[in-house]
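J.: Pasting the sequence and the predicted coordinates here, then a few questions.
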Amino acid sequence: MTEGYKVKQYNQPVKRYCQTLDLKDDPELIARYVEAHDRFHAWPEIRAGIREVGILEMEIYILDNRLFMIVETPLDFDWDSAMASLATLPRQQEWEDYVAVFQSCQSGASSNDKWRMMERMFYLY
């Protein structure tokens, strides 16, 4: 982890959104949540839907039961309309209901309802 993670370069300027969400504090549930997101178990329709609404990159980091998500988009990306569109895509609510078993959230919540937007409080550049 101390080697860092390579960041993709785009042919356009991008903006970044950062969000957080807590998982239920249960090691077995956390392990199952991590597995549900690996390249062998993540649902292809969900990955396609994320791209379909205009998201260029999405990363989720974990520490204990705390998740931190980074979303990179084009500068003209509109978060509210993209999340409304995402919620209507095939299998999206089914996915949200599936992962809600692991998350500290209310059942039936959309992705936009679960993940809390974080405010940037510092930057170096």
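T.: Nice, I can see it.
J.: Tell me where the chain has helices.
T.: 27-36, 44-52, 79-88, 92-100, 111-114 (DSSP state H).
J.: and the last one, C-alpha only, in CSV?
T.: Listed next in CSV are the C-alpha coordinates belonging to helix 111-114 (Å, rounded to 0.1, in the frame of the first residue of the first chain):
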residue,chain,number,x,y,z
SER,A,111,-26.4,4.7,-4.1
ASN,A,112,-26.8,8.5,-3.9
ASP,A,113,-28.7,8.1,-0.6
LYS,A,114,-26.1,5.8,0.9
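J.: For it, which outside residues touch it?
T.: With CB atoms under 8 Å, 6 or more residues apart in numbering as the test, helix 111-114 has contacts from Leu21, Met83, Ala84, Leu86, Ala87, Gln92, Glu96, Ala100, Gln103, Cys105, Gln106. Bear in mind the C-beta positions are built from the backbone N, C-alpha and C, glycine included.
J.: In that helix, which residues are buried?
T.: Ser111, Asn112, Lys114 (16 or more other CB atoms under 10 Å).
J.: pLDDT score for the last one?
T.: pLDDT, the model's per-residue confidence, is 95 for Lys114.
J.: okay, and the helix or strand of the chain with the least pLDDT?
T.: helix 111-114 (a mean of 93; mean pLDDT, DSSP states H and E).
J.: That helix: how far from the chain's middle?
T.: 10 Å (CA atoms, centre = their mean, to the nearest Å).
J.: Also stretch 91-109?
T.: With CA atoms, centre = their mean as the basis, the mean position of stretch 91-109 lies at 13 Å from the chain mean.
J.: what does it rub up against?
T.: By CB under 8 Å, 6+ apart, stretch 91-109 touches 21-24, 29-30, 32-33, 36, 43, 45-46, 49, 65, 86-87, 110-111, 113-114.
J.: Please indicate which of these are buried?
T.: 21, 23, 30, 33, 36, 46, 49, 65, 86-87, 110-111, 114.
J.: List the contacts of stretch 52-61.
T.: 5, 8, 10, 14, 37, 50, 67-74, 77, 82-83, 85-86, 89.
J.: An error on my part: the question was meant for stretch 26-39.
T.: With CB under 8 Å, 6+ apart as the test, stretch 26-39 has contacts from Leu23, Lys24, His41, Ala42, Ile60, Ile62, Asn65, Tyr98, Val99, Val101, Phe102, Gln103.
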